[in-house]
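One predicted model, sequence on top.
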Amino acid sequence: MALIKTVTKKDKAFQERVDFNRTLLKDIAAKSDKIKLGGGTKSIEKLHSQKKLHCRERIDLLIDKHTKFFEIGKFTAYGMYGEYGGAPSSGTVFGIGKIHGRNCVIVANDATVKAGAWFPITCKKNLRAQEIAMENRLPIIYLVDSAGVFLPLQDEIFPDKEHFGRIFRNNAMMSSMGIPQIAAIMGPCVAGGAYLPIMSDETIIVEGNGSIFLAGPHLVKAAIGEVTDTESLGGGEVSTSISGITDEKVPDDKAAIEKIRSLVSKFGGSAKAGFDRIKPEAPHYEQKDIYGILPEDSSKPYNTYDLIARIIDGGDFDEYKPTYGQTIITGYARIDGWAVGIVANQRDIVKKKVPKGGSEMQFGGVIYSDSADKATRFIMNCNQRRIPLLFLQDVTGFMVGSQSEHGGIIKDGAKMVNAVANSTVPKITIITGNSYGAGNYAMCGKAYDPRFIFAYPNAKIAVMGGAQASNVLLDIKIGQMKKLGKEIHEEDKKKFLKEIQDRYDEQTNVLYAAARLWIDGIIDPAKTRETVSYCIELADNNPDIPKFNTGVIQT
């Protein structure tokens, strides 16, 4: 047993960091509470008057009592589509919940947001839900209540590979994979959106509120001159007794949810991946101490071992190559009993030994050739042993400069990226601070298919740090103005720099990333253990782990 010892002191600076990080959490929580209301309390009351439940009420009834809904993408579309009045949570709520003890992906349209219409980012969110279901072999439940594509933005959602049609392609793929799909039509289901429930294994429709057709009454009249109404065209009676496109008609939302629960309760069991788990042990240090470890200023150093010590079981950490490539920490541990391989950026300044008994300083959060080389080998080991990988990402990028370039930093970085890209064991990424440049890629950013990716409230994602980017952009701006023969005054420079910094600060904010689904969600640092544990539980549901092969790597 190798016990990590903490070096963080609970002094005044520690308490200041606690206060800062708790304030960030409170702000996120306040925004979350507002998002949960969707289109607002009046819109929810209107649903109730129609004898309909709000999508979140439907989910609460669907999942087992006294269990939590693991929501993904709550902040999707945050700050977007302002010209259209906004789209809280993109008009769709999705996540994973237990139904009769079985983990299921649940996707529910929010009819209080533009009648559940699909914005471009809504499509991306639904595709992410299906991706999670496919990667982890989880049943998926659709609670349908949508007016279809948001027409003013139809060109951004309809024809491309990752657009609306991909949803139905995934329906077909999941069916061939043996992943159960159940749909409940609880409101309108129009045009192309009608294919989603009909391509599910079983479809329930709520009488009086549910309807399904390719073209609504107004379009039918415009197209062929026929006068009809919603119920006659595709209501519950028609779709179950005449067309037969739905399987069962139920009187209300509650009955539909009871039916879904009954169907799921009879699902057969499935094989597991078999990731190793033993009886959990509490961390050696309190998890809430993480608030006092993370600095207020993301450029300030801290010791990442202190963070790891508050996540892993009993503080027991079998470190891999502890004295080599120290700007990346690698090692084996357990989280809530699950065996994991941890790859973490060391944010503290370290000393690297050099020949003739000397040493040189290495910057924390920067990936050097030796640390990239170490991480590559460690990732390969975890794949060899079927150990899930946890990336704790707080990276400012790869080391630059002539010494690093001559030493082959690009080659060593490419080796690490290759190993991450080809890794076949589940990868879980948590951005604990900075996520800049190619460091985002090497530490398993969204482009490298982590099963799940989350961020702390202090996280920042960008091609480079704000200070560097602002000065680069300012130099470009000044150069352009000089070419036009314009004189640059010091006040103009300050004004331009502030404009650039303000824009950059907005774009690097964690909410900006969450809105665009670069991450699956923003998590409380003190709940890192339970988040990682549940993600591994979900990943364990897929027994199919392909053989690991890196392909060509430069040596």
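Noted; the coordinates are in hand.

Which is the succeeding secondary structure element to the helix or strand where residue 339 lies?
In the assignment (DSSP states H and E), residue 339 maps to strand 338-345. Using DSSP H and E, the next helix or strand after strand 338-345 towards the C-terminus is strand 350-354.

any idea which helix or strand comes after that following strand?
Assigned by DSSP H and E, the successor of strand 350-354 is strand 358-362.

so where do the strands sit in the stretch 51-200 of the chain?
70-72, 92-99, 102-109, 140-146, 181-190 (DSSP state E, counting those that start in this stretch).

can you tell which of those strands is closest to residue 542?
Relative to residue 542, the nearest member of these by CB to CB is strand 102-109, separated by 11.4 Å. In short, each C-beta sits where N, CA and C put it, glycine included.

Let me know the angle separating that closest one from strand 181-190.
Relative orientation of strand 102-109 versus strand 181-190 (axes from the mean of the first three to the mean of the last three CA atoms, to 10 degrees): 0 degrees.

follow-up on the earlier one: kindly reformat the strands of the stretch 51-200 of the chain as CSV and extend each row with mean neighbour count.
Formatted as CSV, the strands of the stretch 51-200 of the chain follow (neighbours: other CB atoms under 10 Å):
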stretch, mean neighbour count
strand 70-72, 21
strand 92-99, 24
strand 102-109, 24
strand 140-146, 28
strand 181-190, 26
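
Tabulate these (TSV), appending mean pLDDT.
Putting the strands of the stretch 51-200 of the chain into TSV (pLDDT from 0 to 100) gives the following:
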stretch	mean pLDDT
strand 70-72	98
strand 92-99	98
strand 102-109	98
strand 140-146	96
strand 181-190	94
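
Hmm, residue 501 is touching residue 468, no?
No: if you go by CB atoms under 8 Å, residue 501 and residue 468 don't touch, sitting 11.4 Å apart.

any idea how far residue 548 is from the closest residue in space to residue 97 that isn't next to it in sequence?
Distance criterion CB to CB, 6 or more residues apart in numbering; nearest residue to residue 97, sequence neighbours excluded, is residue 63 at 3.5 Å. In this view, residue 63 and residue 548 are 35 Å apart by CB to CB, to the nearest Å.

Show me which of these two is the more surrounded one.
Neighbours were counted for residue 63 and for residue 548 using other CB atoms under 10 Å; residue 63 has more, 22 against 16.

in stretch 523-530, what's buried?
Buried residues in stretch 523-530, counting neighbours by 16 or more other CB atoms under 10 Å, are found at 523-526, 528-530.

Which of those residues lies at the shortest distance from residue 376?
Proximity of the buried residues of stretch 523-530 to residue 376 was ranked by CB to CB; the top entry is residue 528 with 24.9 Å.

Identify the residues contacting the residue nearest to residue 448 when sequence neighbours are not counted.
Nearest residue to residue 448, sequence neighbours excluded (CB to CB, 6+ apart): residue 420, at 5.2 Å. Applying CB atoms under 8 Å, 6 or more residues apart in numbering to residue 420 gives the contacts 379, 427, 441-444, 448.

Surely residue 420 is within a strand?
No: Residue 420: not assigned to a strand; according to DSSP: H, G, I helix; E, B strand; the rest coil it is helix.

how close does it sit to residue 462?
20 Å.

Quick one: closest of the strands of the stretch 51-200 of the chain to residue 304.
Nearest to residue 304, of all those, is strand 70-72, at 26.2 Å by CB to CB.

Tell me, please, the helix or strand in the chain that averages the lowest pLDDT.
Lowest by mean pLDDT, DSSP states H and E among the helices and strands of the chain is helix 466-483, with a mean of 74.

what's it packed up against?
helix 490-508 (3 or more CB pairs under 8 Å, 6 or more residues apart in numbering; DSSP states H and E).

contacting residues around the helix it packs on?
Against helix 490-508 from outside (CB under 8 Å, 6+ apart): 460-462, 466, 469-471, 473-474, 477-478, 512.

average model confidence for whichever helix or strand comes after it?
Next in sequence after helix 490-508, counting helices and strands by DSSP H and E, comes helix 510-515. Helix 510-515 shows an average pLDDT of 97 in the prediction.

Please state the offset of helix 510-515 from the chain centre?
10 Å (CA atoms, centre = their mean, to the nearest Å).

And the contacts of that helix?
Contacts of helix 510-515 (CB under 8 Å, 6+ apart): 28, 31, 73-80, 121, 455-461, 506, 519, 521-522.

coming back round to it: of all the contacts of residue 420, which comes closest to residue 367?
Among the contacts of residue 420, residue 442 lies closest to residue 367 (CB to CB), at 6.2 Å.

and the closest residue to residue 47 other than its chain neighbours, what does it touch?
Spatial nearest neighbour of residue 47, chain neighbours left out: residue 54 (5.7 Å); criterion: CB to CB, 6+ apart. Counting by CB under 8 Å, 6+ apart, residue 54 makes contact with 38, 44, 47-48, 110-112.

Tell me the one among those residues nearest to residue 236.
residue 111 (17.1 Å).

you'd agree the closest one is up against residue 209?
No: counting by CB under 8 Å, residue 111 does not reach residue 209; the two are 9.7 Å apart.

higher neighbour count, these two?
residue 111 (29 against 23).

Look up phi and psi at the closest residue in space to residue 546 that isn't next to it in sequence.
Nearest residue to residue 546 in three dimensions, chain neighbours excluded: residue 424, at 4.7 Å (CB to CB, 6+ apart). Note on residue 424: its backbone torsions stand at phi -110, psi -20 [degrees, to the nearest 10].

Roughly how far does residue 424 sit from residue 545?
5 Å.

circling back to that earlier point, what residues are up against the residue nearest to residue 546?
383, 545-548.

Give the residue spans of the stretch 1-150 of the chain that score low on pLDDT.
1 (pLDDT under 70).

Break down it into its helices, ranges please.
12-35, 41-49, 55-62, 120-135 (DSSP state H, counting those that start in this stretch).

could I get these as TSV with mean neighbour count?
Shown next, in TSV, are the helices of the stretch 1-150 of the chain (neighbours: other CB under 10 Å):
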stretch	mean neighbour count
helix 12-35	15
helix 41-49	14
helix 55-62	20
helix 120-135	21
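
Please convert those to TSV, extending it with distance to residue 432.
Shown next, in TSV, are the helices of the stretch 1-150 of the chain (distance: least, CB to CB, whole Å):
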stretch	distance to residue 432
helix 12-35	11
helix 41-49	36
helix 55-62	29
helix 120-135	22
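
Around the nearest residue to residue 158 once chain neighbours are set aside, how many other residues sit close by?
Leaving aside its chain neighbours, residue 158 sits nearest to residue 164 (5.7 Å; criterion: CB to CB, 6+ apart). For residue 164, the neighbour count with other CB under 10 Å is 24.

Surely residue 164 is in contact with residue 194?
No: look at residue 164 against residue 194 with CB under 8 Å: they stay out of range, at 11.9 Å.
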